[in-house]
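Trainee: next one to model:
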Amino acid sequence: MTDTNTPALQLQGIVKTFPGVRALDGVDFDVRPGEVHALLGENGAGKSTLMKVLAGMYQPNEGRILIGGQPVQISNPIEAKAQGVVLIHQELSLVPEMSAAENIYLGELPRKGMGRVNWKELYARSNAILERLKCRFRAEVTVANLSIANQQMVEIARALTVDARVVVFDEPTASLTDAEKVVLFDIINDLKSQGVGIVYISHRMDEIFTLSDRITVLRDGQYRGTLTTAETDEDAVTRLMIGRSLDLSRNEAAPDFGKTMLEVRNLSCAPLFEDVSFTVREGEVVGFYGLVGAGRTEIAETLFGLRTPDSGQVFIDGQEVTIASAQDAIGLGISLVPENRKEQGLVLQMNCRDNMTLPQVHNLRAGPFLSNGAELAIFDKYRDKLEIKTPSWKQTAGVLSGGNQQKIVIGKWLSMQPRVLIVDEPTRGIDVGSKSEIHQLLRDLASQGYAVIVISSEMPEVLRVSDRIVAMYHGRVMREFEIDDVTEDSLVQAISGIKASEPA
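Mentor: Residues are numbered from 1 along each chain as shown. The predicted structure follows:
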């Protein structure tokens with residue numbers, strides 16, 4: 001019988017400093033057996049640092065860790081696992097060249113005589129775990145050949161190989177489909193029923209209030225409080241996180257827009273999308289909403305010259321254009337802020353200034369060299385315009401918060417003076433405070449005359465920022481809504497493939 005009175009895990013007075021930064025300042029945190037304890041905070045609040053201390057990836061300067069009431073020293077992830085602590089990373093930590101099975105049991109491969117790997121047992125064990133997770137791929141497949149969502153499921157499968165006391169889920173649903181999320185939530189509830197303590201880190205409030213029993217909030221590396229989930233609400237949690245309430249009201253459509261800047265007629269790129277038509281006017285935000293696989297990102301990539309359509313027409317400012325490459329798109333005034341900012345939008349090891357000016361370095365030369373003055377002028381302009389928080393242009397982009405990284409990517413493409421700005425999943429992996437800033441930024445850009453397309457998997461987001469919404473299902477436009485006519489029910493019906501009559 002699990003002793004629910006003794007916490008499965010306690011972190012007491014944890015201090016962690018880096019040169020010039022006190023990342024954790026005396027943080028307390030605990031999780032009980034059979035409990036889901038959510039850990040929240042803005043990007044940079046200290047959540048991931050605290051969990052890396054728990055996992056032995058960082059050593060604390062002060063404080064102690066107790067497992068089952070007993071003080072322990074955790075010097076590395078192997079020791080953490082031996083103590084029954086499993087961390088499922090937000091950033092995938094898989095070996096792409098190895099099979100799913102080898103990744104699941106990495107460091108603990110079953111052996112037979114002469115130390116040889118028992119491949120039959122390895123695959124049998126791994127496939128049993130993948131079946132439990134309702135995965136549609138086999139353990140023998142090479143990880144590099146899996147989608148990001150399936151790679152995330154391999155990461156989660158690791159947690160099911162040990163008799164865990166505590167499992168930490170760090171943004172586990174960022175890459176998962178709705179069906180995969182349901183499976184994950186079932187697994188979490190199953191672990192909970194077995195007395196496992198769950199630490200759940202997410203920026204998605206609906207998940208937090210669905211899964212968790214308690215919520216602890218960090219801000220600026222300090223403990224700000226613990227709330228019982230059933231006795232609080234999103235506004236109270238947000239106030240703890242950012243020190244203020246957020247305006248979460250829905251966007252009200254602007255009464256007037258400028259001329260049609262982008263028109264798409266009957267665009268097709270089989271089998272990804274078919275017969276897609278829509279327009280975007282100056283000063284307007286058009287939201288694209290649909291389930292994973294609906295074709296939204298693929299349309300954006302086609303408009304940016306990364307895919308070749310089978311048929312259809314594209315018009316910019318009334319003139320038909322041909323877009324055969326990204327260079328063509330940029331020349332026509334189309335910019336794309338991609339879905340995955342860390343892999344597609346930034347060079348993480350490069351400084352902020354160089355990231356922002358990367359698409360136009362050929363225009364910033366003074367003789368054979370780059371003009372530092374011209375580069376700094378661009379960086380300073382968009383740092384101020386977008387309120388990017390960084391101590392210097394020399395700061396490496398990889399150490400910025402998710403919200404500031406996204407602003408760097410947006411600034412990079414705004415500096416190209418686009419007429420059409422496409423933003424794919426603008427707030428993925430970003431905390432609620434930064435989300436609000438990005439939403440306001442998109443509205444401000446529209447008010448300045450940009451034609452903006454926002455692709456989002458989050459209904460509250462697409463409702464908040466859009467003037468019109470294009471609902472997609474399996475590569476087709478099901479319906480287009482004016483913001484004043486849309487309801488959550490009608491939007492869900494449209495993205496589920498259910499045709500509905502147009503509003504009167």
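Trainee: how many residues are close by L364?
Mentor: L364: 16 surrounding residues under other C-beta atoms under 10 Å. The C-beta positions use only the backbone N, C-alpha and C, and glycine is treated the same way.
Trainee: next one: L332
Mentor: The local packing of L332 (other C-beta under 10 Å) involves 20 other residues.
Trainee: list the contacts for it?
Mentor: The contact partners of L332, by C-beta atoms under 8 Å, 6 or more residues apart in numbering, come to 316, 321, 323, 419.
Trainee: tell me which of those fall in strands.
Mentor: Within the contacts of L332, residues falling in strands by DSSP state E are 316, 321.
Trainee: tabulate the contacts of L332 (a markdown table), appending pLDDT and neighbour count.
Mentor: Listed next are those as a markdown table, based on pLDDT from 0 to 100; neighbours: other C-beta atoms under 10 Å:
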| residue | pLDDT | neighbour count |
| --- | --- | --- |
| I316 | 96 | 20 |
| V321 | 96 | 16 |
| I323 | 96 | 22 |
| R419 | 93 | 17 |
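Trainee: okay, Q73 and G44: tell me how far apart.
Mentor: 28 Å (C-beta to C-beta, to the nearest Å).
Trainee: between the two, who's got more neighbours?
Mentor: G44 (23 against 10).
Trainee: can you list the strands that the helix or strand where V86 lies pairs with?
Mentor: Using DSSP states H and E, V86 sits within strand 85-88. Strand pairing for strand 85-88, determined by DSSP bridges: strand 166-170 (parallel).
Trainee: distance between the strand it pairs with and the chain's centre?
Mentor: 17 Å (C-alpha atoms, centre = their mean, to the nearest Å).
Trainee: before we move on, what about stretch 66-73?
Mentor: The chain centre lies 33 Å from the centre of stretch 66-73; the measure is C-alpha atoms, centre = their mean.
Trainee: any idea whether F185 is helix, strand or coil?
Mentor: Look at F185: counting by DSSP: H, G, I helix; E, B strand; the rest coil, its state is helix.
Trainee: neighbours around it, how many?
Mentor: When neighbours are counted by other C-beta under 10 Å, F185 registers 16.
Trainee: again, but for A374
Mentor: A374, neighbours per other C-beta under 10 Å, totals 16.
Trainee: again with R125
Mentor: Residues lying near R125 (other C-beta under 10 Å) number 18.
Trainee: pLDDT at it, what is it?
Mentor: Predicted confidence (pLDDT) for R125: 94.
Trainee: so it, which of the three states?
Mentor: Taking three-state DSSP as the rule, one finds R125 in the helix state.
Trainee: which residues touch it?
Mentor: Listed by C-beta under 8 Å, 6+ apart, the contact partners of R125 are 101, 105, 110, 161.
Trainee: which of these are buried? Put it as a ChimeraX command.
Mentor: Buried residues among the contacts of R125 (16 or more other C-beta atoms under 10 Å), as a ChimeraX selection:
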select :101,105,161
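Trainee: in JSON lines: the contacts of R125, plus pLDDT and distance to L191.
Mentor: Putting the contacts of R125 into JSON lines (pLDDT from 0 to 100; distance: C-beta to C-beta, whole Å) gives the following:
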{"residue": "A101", "pLDDT": "95", "distance to L191": "21"}
{"residue": "Y105", "pLDDT": "91", "distance to L191": "19"}
{"residue": "P110", "pLDDT": "91", "distance to L191": "23"}
{"residue": "T161", "pLDDT": "85", "distance to L191": "13"}
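Trainee: which ones among the contacts of R125 lie within helices?
Mentor: Taking DSSP state H, the ones among these that sit in helices are A101.
Trainee: secondary structure element holding S277?
Mentor: Assigned by DSSP H and E, S277 falls in strand 273-281.
Trainee: mind listing what's buried in the helix or strand where V27 lies?
Mentor: Following DSSP H and E, one finds V27 within strand 21-31. Neighbour-count burial for strand 21-31, with 16+ other C-beta under 10 Å as criterion, is recorded at 23-25, 27, 29-31.
Trainee: lovely, talk soon.
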